[in-house]
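[1] Just to be clear, the model below is a prediction. Sequence and coordinates:
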Amino acid sequence: MKFVVVHGMNQYRQGFSQDVSYYSTKWLGALGESNSWPWQVGKIDFHAAYYAHLLREPGAQGGSLSADAEEVFAALIGAWVPELQPSGAQGRLSQPLRVGITRIAQHLNLSEKSVEALLKLFASEVAAFLRTEGAFTPKNQIIDTVAEVIDGADVVIAHSLGSVVAYETLWKYRIEVPLLVTVGSPLAFPLAVFPRLNPAPVDGLGAKPPEVGQWSNLADHGDIVAVPAGGVGKSFTGVSEDLHDTIARVDFHRLTNYLRSRVLGEILTRWNDSRQNV
């Protein structure tokens, strides 16, 4: 049983492109903590698809967002607070965006500082992956790197930005994967992600990659980037189930919390039982 996890945002660690054992141990351990995990951890051929190092632009200075990242940032705030409809922000945050951050922080019971930092990080990495023009366009290299890891996988769990990476990878290379589980996914995120996917949506709908057997999606009710709620099931054909639950009381976007969640374990158990009953 080959099992692959494709990570999301904020996973860069220096030197980990050559040695991903830290993440493999951490993520497999989290899966094994689920009370509904259907396999013995030691019998899983586990792999981490690591690409965070490829999102870092050589020589780039941290701090301000690029223009396309600003657009993603504003669009994400608009997805949570539609009446604000921010049209972008250059330099310091505009008043509507600042109001939006306050509203999101209050709704999720988080600090404004943590909400702003999370959204900016997400916007920066999503914009870098989706970018098709300019001096830094790492998408093809990321897809090729991830494709090598997921080739031959029985199960792929793709988190956050990793679900976008996995989606485009599976479409590009038509890799056969019996079970794809996306967690905390922004695939249906309007304006900034969904319309920019490759392949592009047709008549307002994306579709399950053709060689994927079952596609299940899972999101926490408060996941800050899995917007809109229920969007994956409504925006893509071929999604077997689009589930929402309380994954964690805090850190509800964190990958390890998704991996150890009861609902993910139940998804895996149902799929494993159906496979054995064929």
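    Sure thing, it's come through.

[2] Just give me how far the longest helix anywhere in the chain sits from the chain centre.
    In terms of residue count, the longest helix belonging to the chain (DSSP state H) is helix 112-130. Helix 112-130 has its average C-alpha position 12 Å from the chain's average C-alpha position, going by CA atoms, centre = their mean, to the nearest Å.

[3] any idea which helix or strand comes after it?
    Next along the chain after helix 112-130, taking DSSP states H and E as the criterion, comes helix 139-150.

[4] Which neighbouring elements make contact with that following helix?
    In terms of contact count using 3 or more CB pairs under 8 Å, 6 or more residues apart in numbering; DSSP states H and E, helix 139-150 is assigned the packing partners strand 2-6, strand 45-49, helix 112-130, helix 161-173. (Glycine included, C-beta is placed from N, CA and C.)

[5] Just the buried positions in that helix, please.
    Judged by neighbour count (16 or more other CB atoms under 10 Å), helix 139-150 contains these buried residues: 139, 142-143, 145-147, 149-150.

[6] Show the average pLDDT along it.
    Per-residue pLDDT over helix 139-150 has a mean of 97.

[7] now that helix against strand 45-49, angle please.
    Angular relation of helix 139-150 and strand 45-49 on a 0 to 180 degree scale: 170 degrees, by axes from the mean of the first three to the mean of the last three CA atoms, to 10 degrees.

[8] tell me the angle helix 139-150 makes with helix 161-173.
    Interaxial angle of helix 139-150 relative to helix 161-173 (the same axes, to 10 degrees): 90 degrees.

[9] Now do the buried residues in the helix or strand just after helix 139-150.
    Once helix 139-150 ends, the next helix or strand along the chain (criterion: DSSP H and E) is strand 155-159. For strand 155-159, a neighbour-count test (16+ other CB under 10 Å) marks 155-159 as buried.

[10] got CSV for the buried residues of helix 139-150, with distance to I224 too?
    Formatted as CSV, the buried residues of helix 139-150 follow (distance: CB to CB, whole Å):
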residue, distance to I224
K139, 24
I142, 23
I143, 25
T145, 27
V146, 24
A147, 28
V149, 27
I150, 26
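
[11] what is the closest residue to H221 other than its chain neighbours paired to in the beta sheet?
    Using CB to CB, 6 or more residues apart in numbering and skipping the chain neighbours, the partner closest in space to H221 is H244 (5.6 Å). Listed beta-bridge partners, H244: A219 (assigned using DSSP bridges).

[12] how much space between H244 and F46?
    Using CB to CB, to the nearest Å, one obtains 27 Å as the distance from H244 to F46.

[13] OK, contacts around the most centrally placed residue in the chain?
    When the chain is reduced to its mean C-alpha position, the closest residue under CA atoms, centre = their mean turns out to be S160, at 1.5 Å. Taking CB atoms under 8 Å, 6 or more residues apart in numbering as the contact definition, S160 lies against 7-9, 122, 183-186, 225, 253, 255.

[14] Low-confidence ranges, the chain, go.
    Using pLDDT under 70 as the threshold, the predicted model of the chain has low-confidence ranges 14-19, 60-63, 83-95, 249-250, 278.

[15] Alpha carbons of stretch 267-278, in CSV - could you do that?
    Below are the C-alpha coordinates for stretch 267-278, written out as CSV (Å, rounded to 0.1, in the frame of the first residue of the first chain):
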residue,chain,number,x,y,z
ILE,A,267,-13.0,7.9,4.7
LEU,A,268,-10.0,5.6,4.5
THR,A,269,-11.8,2.8,6.3
ARG,A,270,-14.8,3.0,4.0
TRP,A,271,-12.6,3.0,0.9
ASN,A,272,-10.5,0.1,2.2
ASP,A,273,-13.6,-1.9,3.0
SER,A,274,-15.1,-1.3,-0.4
ARG,A,275,-11.8,-2.3,-2.1
GLN,A,276,-11.7,-5.6,-0.2
ASN,A,277,-15.3,-6.4,-1.0
VAL,A,278,-14.8,-6.1,-4.7
